[in-house]
Each structure stands twice: as structure tokens, then as C-alpha cells.
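Trainee: Sequence and predicted structure below; questions after.
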Amino acid sequence: MSQETRKFEAEVAQVLHLVTHSLYSHKEIFLRELISNASDACDKLRFEALADPSLTDGDADLRIQVTWDPEARTISVRDNGIGMSRDEVVANIGTIASSGTRRYLEALSGEHKADARLIGQFGVGFYSAFVVADKVTVITRRAGQPEVAGVRWESDGKGEYTLEDANVTERGTTVVLHLKADEDEFLRSWTLRGAITKYSDHVAFPIRMPADKDGKPDPTEWTTVNSASALWSRAKSEISDEEYQNFYKALGHDFNDALAWTHNRVEGSQSFTTLLYVPEQPPFDLMMGGRDERKGLKLYIKRVFIMDAAEELLPNYLRFVRGVVDADDLPLNVSREILQHNRQLEQIKARCVKGVLDLLERIARDEPEKFATFLAGFGNTLKEGIVEDATNRERIAKLLRFASTKGEGAAKTVSFDDYIGRMAVGQDTIWYVTADSYAAAAGSPQLEALKAKDIEVLLMSDRVDEWMLGYLTEYAGKRLRNVAKGDFPLDEADKAKQEAAATAAAPLLERAKALLGDRVKEVRVSARLTDSPSCLALADFDMAPHLARLLREAGQDVPDAKPVLELNPEHALVKRLAAETDDAKAGDLASLLFEQAEITAGAQLADPAGFVQRMNRVLLG
């Protein structure tokens, strides 16, 4: 096929703009990304060669080479890994919507399909080359294909690229960066060596550079500039924090340090190593990516990379964790289907979960400020574990933090254990209220009676809370109860007062129910209110109004459940309703009492304009 020119997909153009304008203070990161891609290509070849040893015939020593040319003003990163065909070049570099892994997978079928779920050779990181280069050339040939099947790709990163057939004598990929005029620092060998040592020392394949002779490369003398050993296989005592952090940044493609990590070796009937990291900040797509897109953990077997296997190694609620698992006992030709039915892997997964929860518990106990950072980024994700992981539900609940009526604003949070430690003698219930904001929760009228009795209430205002609490009904033997749901508990003295108040207010309650009709299930005297005129009360299993509103806004079908309206007969507005003889004015008052209860509960008014008109009539009346 002759040379052709193609346009990048729109997403690529956007990413190129973002990368080239965001990495100006981290320019050397391009080398980390290109070396990481080269390492992935070597990993992929080593895996494919298990089934087809001929792929490495004549050149079984997998390696990465980095060199520079001061006269041509170029940097070259070469690997003798799997290489790419013409179609793979288009799929992996011309688009971003799917990773190289996905395209590679879709090209296969049958029993080999699951074996091929490997990391893609190129991802967004490839485009960081354009931070320092005004032109990038890629020369590649896929392993197992003839020399004439090589491909040359070239682009200036401004919207188009060219493709042409090329005669490539060796398998693998060479990326050539034609440097911009102000990037001379990367034409010095010590700059390149320093970046490799900083970012890529852990890469398990040797990274070689030619000797420096008066500022120019000597291709007759090559040296390995990285340790070329799997960092996780070394003893913890031999690894510095800086090495751990550099490994995390390369592994997670993150500019920030990891918040914390745990490195463990398990010996016995089943032996494996785990190195698991908790990031400092969530990735932008943490709440968007589905299970099929998760690539938080890499599975190695005897230091041979097998696949990204986050789903098999960690549950979805821990999808923010990054790291590696290196097993000794799994077969090298393991497939994803085998993983899904492998008892050994279930044991590894259980140890990974335990390791992460142990780490989080340690941070919560010893480094509360760091733990607060974790909760700010991943607290809502962790709450999903209450639903997904019944085995560890109590451990997860112990890690959660909430605002409280005895706290000092939204930033001051307490744990369930803190709450239980402050319980009054005889109290056996953990009280909470849910709302769609801290202010709405703190101002909820349903809290009034409990606050009057100095009973603490947890203020839960995250969207996931209402869903989570459907599965968390008790903690440490204490029942969890929503202050807005079910019958309000009363002692004998309060119960007698309540019954007397209900008897005295019977005509008012009957009239209010008649005025509101089928908008409410019932109208009754409230045991919850001391200051406010009205509030809504729900059955134990009714959906909170604010959650129902959010689901409707998201296009979900939500069953209609008529609430109970509770009134405070001592409030002036309720007394005004009781005394009103004009049915039209009484109707306005009853509607306003109901609608303001809906508003404080986070419900959406069915007729906002009608509410405003009624309010104006009452104010002017």
C-alpha cells in the first residue's frame, strides 16, 4: 500500500492539546511513558512466545534502547517486543476511544481470546512525546511477520499523520522524537540517564544506552542504565520511599505521590507477593469507568506479566487501588476464564482485600490527616463496599466518617465508634438523617426532638448514603435508624402526652387531611417537632424524597409513595390553620405546610408556581 495521510480522531486532537499544554513542568515524563509502552510490548511478546516460541527466534534477549543524535536533534526509544501491524498502528495511535488492548482482543477469537487481555502498547501516554517534539516518527514491524510488512507512521501532532509501508529488518518498535528548538537539554546523555533512573529504574527489561563520547553516542559500546529487576520482588528493607513512589508514578501514570502503600510476601501452600498503592487523588474517571475498563492491578506469574486483572483481584469498591500481584503457583498460560473459576485466585483476592483494609485501618488510627485526605477522594467509593462485600461490611463501616449534630460543621466528622462512645446510658440506636447537602441535613426539622433530648444524630449528605444504608442496618450490635422514618420512639410519659395532643388536635388533623386529599397518606401530630410547623414522615422502607428526586432527574422510574404529614399543634402557623374559617385560606395554609415539609425533605414540588402564589396570598392575607 502506498503512502496515505489520515486525520486524527477528534479525541486525539483534544488529548494532544491537553497534554502539550499541561505537562510543561514535567517534560521529562515523555520518556517514562515511551519506556513504559516499550516494556509493555516486550511483556506482550514474552507472553505470546509461550504459545509460539518462534516469535523470538534469533533475538530472545528482550530489551529497550534509548539513544540521542545531537546533529539530527532526535531521541530514539526502541524495543524488540511484539511490534505492530499497519492496522494496529492506526487503531493504537490514531484513536483514543479504545485502548490497544481492546483492539488486539477484538481481533482474536475462540480459545485464545481470553489469553489476550493484556495491556495495550500505546495509550494516552504516547502523545506526551509532543511536549518536547514537533514531529514524531514510529517505525514498527510485528513479530512473526516478514520484513516487508513494516510500517512507518509520522505526525507533527497538528491533526494529521502519514502512514506508509516500510522494509523493517528487526521486529519491534522504534519511536523517533524530532525535538523542538528549545529542548536541547534532552540531547544530553546525563539528562536521559537521570530521567530513566528516576522514573523507569524498576522496569524488568534492561534499558540500554550507548556510551557518551564527547556528547555523542558511541554505538559500539552499550550499558544498562536501570536495575532491570522487579521492584516488588526485592526485600522491603532494601527499597526506599522514593523508589516506592517512583514505581507508583510509572505504574499509575500519576504525577502525584501515592498516599500510602502495602508490600507483602505470603509464603506457604500458596506463595505470592502484593504491592498495593492507595492514590492521593482520584483519577478523573473513577466514577465513570465500568468494570471492563478497570486496570488498577497487574497480574504477574513468576515475574511474567499476564494481564490487567483488577476485577479478579479486587472488588469494584476498591477500584482506586493500584499495584501488582505476582503469584508463584498459577500456570503461565492462565486465561481470564480460568481466573474466574480459580480457587487459588480467590484466596489471593481475599488477601488483597485484607491488605488494603489493614492499610486503611492503620492510616485511620495513626495518620488521621492523611486518612481525611483519603476519605475526601475515595470515601464514597468505599461506601459501595457496604453493599458489595457483606464479609467485610463491619470493617468497612468502621472506616466511614460522618458529620454530626455534635460536630463543628461539615468538616468535623465522627466514626460509628465515636458515636457509640458518646451514647447516653440506655440508648441502643444510632440515629441518622439523610439529605442532599450538609446544610439540608443539619437543618432537618426531624432532628428537633432528638436534639432537645441531647441525642446525637449523624448527618449524611452524600448521594450514595441512602442506598448504602439500605444494607447497613446495624453496627456493633446497635440498630441504625433514620430519624425521618417509622414511628418515633417515646417513653411512657411522652407517649401519654402524644396521645393527649393527638386527641385534642383530631379536628385539625381531619380537616388538614380533607384539604390535602390524596397528596398525603395521613396527617398526624408529630413527636419529632419542637420548633418547626411540619415535616414528612416515611415508612421504614420508603425512599427518601431527595433520592427519589435525583433518580427522576436521571431518568429512572421511581414508584410514588404518599408520605405522612406530621404537624406541630403548638406552632403559630398550625394554630392559624386550626382557627381559619375560610376554606380557601385554609386550603392555602394546609398546602403550604405540606409543601414546606416537602422542601425541607429534599422533594421536588409538583407545582412551584402554585406554591409561590399561595405563599404570596398568605403573606398578604
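Mentor: Perfect, thanks for sending it.

Trainee: With just CA atoms, put stretch 349-369 into PDB.
Mentor: Extracted C-alpha coordinates of stretch 349-369, given in PDB (Å, rounded to 0.1, in the frame of the first residue of the first chain):
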ATOM      1  CA  LYS A 349      -8.100 -11.700  46.200                       C
ATOM      2  CA  ALA A 350      -9.100 -12.200  49.800                       C
ATOM      3  CA  ARG A 351      -5.600 -11.400  50.900                       C
ATOM      4  CA  CYS A 352      -5.500  -8.300  48.700                       C
ATOM      5  CA  VAL A 353      -8.800  -7.000  50.200                       C
ATOM      6  CA  LYS A 354      -7.400  -7.700  53.700                       C
ATOM      7  CA  GLY A 355      -4.200  -5.900  52.800                       C
ATOM      8  CA  VAL A 356      -6.000  -2.800  51.600                       C
ATOM      9  CA  LEU A 357      -8.400  -2.700  54.600                       C
ATOM     10  CA  ASP A 358      -5.500  -3.300  57.000                       C
ATOM     11  CA  LEU A 359      -3.600  -0.400  55.400                       C
ATOM     12  CA  LEU A 360      -6.700   1.900  55.600                       C
ATOM     13  CA  GLU A 361      -7.200   1.000  59.300                       C
ATOM     14  CA  ARG A 362      -3.600   1.800  60.100                       C
ATOM     15  CA  ILE A 363      -3.800   5.200  58.400                       C
ATOM     16  CA  ALA A 364      -7.100   5.900  60.200                       C
ATOM     17  CA  ARG A 365      -5.500   5.100  63.500                       C
ATOM     18  CA  ASP A 366      -2.100   6.600  63.100                       C
ATOM     19  CA  GLU A 367      -2.400   9.400  60.500                       C
ATOM     20  CA  PRO A 368      -5.900  11.000  60.800                       C
ATOM     21  CA  GLU A 369      -5.000  13.900  58.500                       C
END
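
Trainee: so how far is it off the chain centroid?
Mentor: Using Cα atoms, centre = their mean, to the nearest Å, the mean C-alpha position of stretch 349-369 is found 17 Å from that of the whole chain.

Trainee: Return the set of buried residues in that stretch.
Mentor: Under the neighbour-count criterion of 16 or more other Cβ atoms under 10 Å, stretch 349-369 has 349, 351-353, 355-357, 359-360, 363-364 buried. Bear in mind the C-beta positions are built from the backbone N, C-alpha and C, glycine included.

Trainee: same check, this time on stretch 540-548
Mentor: Counting neighbours by 16+ other Cβ under 10 Å, one finds that the buried residues in stretch 540-548 are 542-548.

Trainee: Using the three-state scheme, assign the closest residue to T173 other than its chain neighbours.
Mentor: Sequence neighbours aside, T140 is the residue nearest to T173 in space, at 4.1 Å (criterion: Cβ to Cβ, 6 or more residues apart in numbering). Following DSSP: H, G, I helix; E, B strand; the rest coil, T140 is assigned to strand.

Trainee: what separates T140 from D87, distance-wise?
Mentor: Using Cβ to Cβ, to the nearest Å, T140 is found at 12 Å from D87.

Trainee: Settle it for me: which of those two has more neighbours?
Mentor: T140 (30 against 12; other Cβ atoms under 10 Å).

Trainee: Who are the contact partners of the more buried one?
Mentor: 83-84, 89, 150-151, 153, 168, 172-174 (Cβ atoms under 8 Å, 6 or more residues apart in numbering).

Trainee: Tell me the spatial nearest neighbour of L550, not counting adjacent residues.
Mentor: R463 (6.4 Å).

Trainee: What separation is there between the one you found and E553?
Mentor: Using Cβ to Cβ, we find R463 at a distance of 11 Å from E553.

Trainee: count of residues packed around P608?
Mentor: Residues near P608, counting by other Cβ under 10 Å: 11.

Trainee: no, scratch that, I was asking about E346
Mentor: Neighbour count of E346, defined by other Cβ under 10 Å: 13.

Trainee: circling back to that earlier point, determine which two of the buried residues of stretch 540-548 are furthest apart.
Mentor: Pairwise distances among the buried residues of stretch 540-548 were taken by Cβ to Cβ; the largest, 12.3 Å, belongs to D542 and H546.

Trainee: end-to-end on stretch 193-210?
Mentor: Distance across stretch 193-210, first residue to last, is 11 Å (Cα to Cα, to the nearest Å).

Trainee: And for stretch 150-168?
Mentor: Stretch 150-168 has an end-to-end distance of 5 Å (Cα to Cα).

Trainee: starting at the chain centroid, how far to it?
Mentor: 36 Å.

Trainee: pLDDT (mean, whole number) over that stretch?
Mentor: The average pLDDT for stretch 150-168 rounds to 92.

Trainee: cool, and stretch 401-413?
Mentor: Averaged across stretch 401-413, the pLDDT comes to 84.

Trainee: And for it, what's in contact with it?
Mentor: With contact meaning Cβ under 8 Å, 6+ apart, stretch 401-413 is reached by 372, 375, 379, 414-415, 419, 422, 432, 438, 441-442, 447, 450-451, 456-461.
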